[in-house]
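Participant: model this:
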Amino acid sequence: MITRIINGKLILSEGIVEKYLYIENGKITAVTNDELFFDEEIDANGNYVSPGFIDIHVHGGGGYEFVDATFEAVKNAANIHFEHGTTTIYPTISAYDYSKTVNALETLRKYKDNDEVLPHIYGVHLEGPYFSPKQSGAQDPEFIRTPDENEYTKLYNDCGDIIKRWSYAPELPNSNKFLNFLIEKGIIASAGHTDAEYSHIKSAYENGMKLITHLYSCTSTITRKSGFRILGVIETAYFYDDIDVETITDGCHLPPELISLIYKIKSDENMCLVTDAIRHGGMDNVESETCENGNMPYIIEDGVAKLADRSAFAGSIATTDVLVRTCVKKAGIPMPSAIKMITEVPARIMKLDKKGKLCVGYDADILILDEDINIKKVMTAKGEII
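Facilitator: Prediction:
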């Protein structure tokens, strides 16, 4: 079956073009002005045609979190993000005890390829537990600890096939050995919930760590020692051009002016959009709802999750279309750049060599969306269309 998309403004790496897009057997076969054979046709009606969005940091949505470790949770949390344009998702598990973490990983391994789970799941992002207590944020301090070689080796032996990324604090004792372990196993290492100084990030960078977890959220900044200023995570991320930075562009975690600043410095080459969505991601009418997350109660208020004492945010309730809309409509970032930061950049970070672009040979994960970034149609290489 050959499908042709017509009347669309295709968002390509080189800009926006108006061409035909041909798809066969889940792959893009042509991007051209030529009239080629097709079996069915989809009219984009003048809307944008984009690669499917890729969210590499998301805890849940639709009333569920992936750590709930049930089929219902995996399906519903993933699928509500699919409805908003996320065609590839990396479920994220926060810091918990060993047994709960393993249970979540084994459940995701079991159901990630189930036909009812619509986005592609290629692996899991472990966000913790090796974090700085000073930068724990909404992570439960009960489970924050330093890297334990016996623990992470056992976890890898039990579930390593599904662990594709791991966030940790590079300043902790034994963190260098942990980083070397991640690099050896091909797991993407990311600095997060960290009080690191320049020297810590420099050492980790030189040993293969090239990603910062949600910049400005639980990441250190300039401090002073005996009057001398010491760079933190934020400044070091700017210092190294090829360090990639996650950004939660929901309009709450980062104001539009700060989003513009990050974009100005890192550009669409090294800035990655993520939702960091929790249980209420994608849900309407959840304002003023008080919730429990272990020992960390939080409240949904002003379009974001806050710790119950309102001292800090506790995750977002955004979906990927919200991220793009905020970038374009509030931060003034060009549409192709905003799309690149939620497609091509995360695909590169996670080493997905056939996703994130509308190119011949790439997977046919495709969106049709309007000027206001409202999702009109979602297609994936699996063949689902909504």
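Participant: partners of residue 92 in the sheet?
Facilitator: residue 125 (DSSP bridges).
Participant: ugh, wrong one, I meant residue 189
Facilitator: On the basis of DSSP bridges, residue 189 is bridged to residue 166.
Participant: can you count the residues close to it?
Facilitator: By the other C-beta atoms under 10 Å criterion, the neighbourhood of residue 189 contains 22 residues. Bear in mind the C-beta positions are built from the backbone N, C-alpha and C, glycine included.
Participant: Could I get the contacting residues of it?
Facilitator: Residues near residue 189 by C-beta atoms under 8 Å, 6 or more residues apart in numbering: 165, 166, 168, 179, 182, 183, 204, 208, 209, 210, 211.
Participant: Let's see that with 7 Å instead.
Facilitator: With contact set as C-beta atoms under 7 Å, 6 or more residues apart in numbering, residue 189 has these partners: 166, 179, 182, 183, 208, 209.
Participant: Let me know the helix or strand that the spatially most central residue of the chain is in.
Facilitator: Centre of the chain computed as the mean C-alpha position; nearest residue by C-alpha atoms, centre = their mean is residue 56, 2.7 Å away. For residue 56, the host element (DSSP states H and E) is strand 53-58.
Participant: Quick one: mean pLDDT over that strand.
Facilitator: In this model, strand 53-58 has a mean pLDDT of 98.
Participant: following that strand, which helix or strand shows up next?
Facilitator: Once strand 53-58 ends, the next helix or strand along the chain (criterion: DSSP H and E) is strand 60-61.
Participant: by contact count, what packs against that following strand?
Facilitator: If you count contacts as 3 or more C-beta pairs under 7 Å, 6 or more residues apart in numbering; DSSP states H and E, strand 60-61 packs onto helix 71-82.
Participant: Partner strands of the strand holding residue 56 and their direction?
Facilitator: Strands flanking strand 53-58 in the sheet, each with its direction: strand 86-93 (parallel) (DSSP bridges).
Participant: distance of the nearest residue to residue 83 once chain neighbours are set aside from residue 256?
Facilitator: Nearest non-adjacent residue to residue 83, counting by C-beta to C-beta, 6 or more residues apart in numbering: residue 386, 6.7 Å away. According to C-beta to C-beta, to the nearest Å, residue 386 stands 30 Å off from residue 256.
Participant: Which one's more surrounded, the two?
Facilitator: Neighbours were tallied for residue 386 and for residue 256 using other C-beta under 10 Å; the higher tally belongs to residue 256 (16 against 12).
Participant: Please tell me I have it right and the more buried one contacts residue 331.
Facilitator: Yes - the pair residue 256 / residue 331 is scored as a contact, 4.3 Å apart, by C-beta atoms under 7 Å.
Participant: what sits in contact with each of those two?
Facilitator: With C-beta under 7 Å, 6+ apart applied, the contact sets of residue 256 and residue 331 do not overlap.
Participant: mind listing what the residue nearest to residue 83 touches?
Facilitator: With contacts defined as C-beta under 7 Å, 6+ apart, residue 386 is in contact with 83, 377, 378.
Participant: Tell me the confidence at residue 299?
Facilitator: Checking the pLDDT column for residue 299, the value is 87.
Participant: Which element, helix or strand, includes it?
Facilitator: Counting by DSSP H and E, residue 299 is part of strand 298-301.
Participant: Partner strands of that strand, with direction?
Facilitator: In the sheet, strand 298-301 lines up against strand 289-291 (antiparallel), strand 304-307 (antiparallel) (DSSP bridges).
Participant: quick check: mean pLDDT across the shortest one?
Facilitator: Going back to what we said before, that points to strand 289-291. Per-residue pLDDT values across strand 289-291 average out to 62.
Participant: what ranges do the helices span in the stretch 1-150 of the chain?
Facilitator: 71-82, 98-111, 149-159 (DSSP state H, counting those that start in this stretch).
Participant: Please name every helix or strand in contact with the shortest one.
Facilitator: Read that as helix 149-159. Partner elements for helix 149-159 (3+ C-beta pairs under 7 Å, 6+ apart): helix 98-111, helix 175-185.
Participant: now the contacts of residue 189: which count as buried?
Facilitator: Judged by neighbour count, with 16 or more other C-beta atoms under 10 Å as the criterion, the buried members of the contacts of residue 189 are 166, 179, 182, 209.
Participant: Quick check: the gap between the closest residue to the third one other than its chain neighbours and residue 203.
Facilitator: Put plainly, it is residue 182. The spatially closest residue to residue 182, leaving aside those adjacent along the chain, is residue 189, at 4.4 Å (C-beta to C-beta, 6+ apart). Noted for residue 189: a distance of 12 Å to residue 203, by C-beta to C-beta.
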